[in-house]
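[1] A structural model of the following input is requested.
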Amino acid sequence: MTPPRRERRLPGADVGDPERLYVITGGPDGAKRASLDLVTMIVAREAPSPTVPPEQAVILRLCGAPLSVAELSAYLSLPFSVVTALLTDLLTTDLVESRAPVARASLPDRSLLEAVMHGLQKL
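    All right, here's what the predicted structure looks like:
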């Protein structure tokens, strides 16, 4: 009888593993999570220290420039809820700062644009 063959795991194959996600987030501790949405911008306040967990250290390195929570979720290949839990920990320790997304300026009134255009044409 031949022994069963062991399959080699691909790196990152356990990304969706519920046990891994449970360990990353620290489990359901009942703590309130920060109110973040997909377009909230995150900026690191300082570089990661050696005591920061690996996933949070990656977030701190990525957020040297502002990134949205959705981008972080995509770069880390983690669900939004897990990234929110990680960011809540970072926000409570003041390692990152959250900012509202920059809203696009609303377009000026069409009649105002036409008046300016006609005034320029008369010059």
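
[2] pLDDT weak spots in the chain?
    1-31, 33-34, 102-107 (pLDDT under 70).

[3] Tell me where it has strands.
    41-44, 67-68, 96-99 (DSSP state E).

[4] Mean neighbour count and distance to Gln56 added to the ones you listed, as CSV?
    Quick note: C-beta positions are derived from backbone N, CA and C, even for glycine. Shown next, in CSV, are the strands of the chain (neighbours: other CB atoms under 10 Å; distance: least, CB to CB, whole Å):
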stretch, mean neighbour count, distance to Gln56
strand 41-44, 18, 10
strand 67-68, 18, 14
strand 96-99, 15, 9
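
[5] distance of Asp109 from His118?
    Asp109 sits 14 Å away from His118 when distances are taken as CB to CB, to the nearest Å.

[6] returning to that earlier point: export the strands of the chain as a markdown table, with columns for distance to Ala74.
    Below are those laid out as a markdown table (distance: least, CB to CB, whole Å):
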| stretch | distance to Ala74 |
| --- | --- |
| strand 41-44 | 13 |
| strand 67-68 | 9 |
| strand 96-99 | 17 |
